[in-house]
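Trainee: Here is my input, please return the structure:
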Amino acid sequence: MTRQLPVALFLAPAILVAAAAGPAAAQKAISPGYWETTSKVTSPFPTQKTERRCIQPADVAKFMEGKINHIYKCTYPTKEVGGGKILLKGSCATRDGPPVPIQGSGTFTADSMHIEARVVPNVGGLSIPVHAVTDAHRLGDSCPDPNAPQQGG
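Mentor: Model (predicted):
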């Protein structure tokens, strides 16, 4: 039995790196706050996941570099973030898996992100190109109280 790579979960940390629609001439980073991200794998197997997360000031850089998940370790020998644009080329790996090539590019503002990523994992001896897109927007300056009762459930 071949182990299926959870592609959407693999891509989410890497492509949540940051980017956005609209001009951002001198923008150096996203703003901290409460964010909603929608990550879509468009091929070969379409999936979509929407998450809300709190990004503290100390977490902005690692969020923009895709270092938001303890399962995958990503390294980017090519990393250009600034002026409202982002370019990352490198690889990501799990603790027990080989590195998988990844590259992503897009744009960002203080309050929005858009990035497209391409990953080529090896599944069952086959290299399968994967295309993914992440769009995100900042919902507000402050994050919900984690101790507050959850609504709707």
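Trainee: how about the strands in the chain?
Mentor: Along the chain, counting by DSSP state E, strands occupy 33-43, 47-55, 72-82, 85-94, 100-108, 112-119, 122-123, 126-127, 130-140.
Trainee: Flag whichever of the ones you listed has the least confidence on average.
Mentor: Looking at these, the lowest mean pLDDT belongs to strand 122-123 (a mean of 80).
Trainee: mind putting the strands of the chain in a markdown table, mean neighbour count and distance to residue 65 included?
Mentor: In this view, the C-beta of every residue, glycine as well, is placed from N, C-alpha and C. Converted to a markdown table, the strands of the chain look like this (neighbours: other Cβ atoms under 10 Å; distance: least, Cβ to Cβ, whole Å):
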| stretch | mean neighbour count | distance to residue 65 |
| --- | --- | --- |
| strand 33-43 | 18 | 15 |
| strand 47-55 | 14 | 13 |
| strand 72-82 | 16 | 7 |
| strand 85-94 | 19 | 8 |
| strand 100-108 | 21 | 11 |
| strand 112-119 | 22 | 12 |
| strand 122-123 | 14 | 24 |
| strand 126-127 | 9 | 25 |
| strand 130-140 | 19 | 14 |
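Trainee: Grab the nearest non-local neighbour of residue 85.
Mentor: If you skip the residues right next to it in sequence, residue 85 has residue 107 as its closest partner in space, 5.5 Å away by Cβ to Cβ, 6 or more residues apart in numbering.
Trainee: and that neighbour, how far is that from residue 125?
Mentor: In this view, residue 107 and residue 125 are 36 Å apart by Cβ to Cβ, to the nearest Å.
Trainee: and if you look at residue 101?
Mentor: Using Cβ to Cβ, residue 101 is found at 16 Å from residue 125.
Trainee: Save the strands of the chain as TSV, and put in distance to residue 27 too.
Mentor: Rendered in TSV, the data for the strands of the chain read as follows (distance: least, Cβ to Cβ, whole Å):
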stretch	distance to residue 27
strand 33-43	15
strand 47-55	15
strand 72-82	8
strand 85-94	9
strand 100-108	6
strand 112-119	10
strand 122-123	36
strand 126-127	35
strand 130-140	13
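Trainee: Out of these, which is closest to residue 147?
Mentor: When the strands of the chain are ranked by proximity to residue 147, the top entry is strand 47-55, at 13.1 Å, counting by Cβ to Cβ.
Trainee: Mind listing the strands the closest one pairs with, and their directions?
Mentor: Within its sheet, strand 47-55 is paired with strand 33-43 (antiparallel), according to DSSP bridges.
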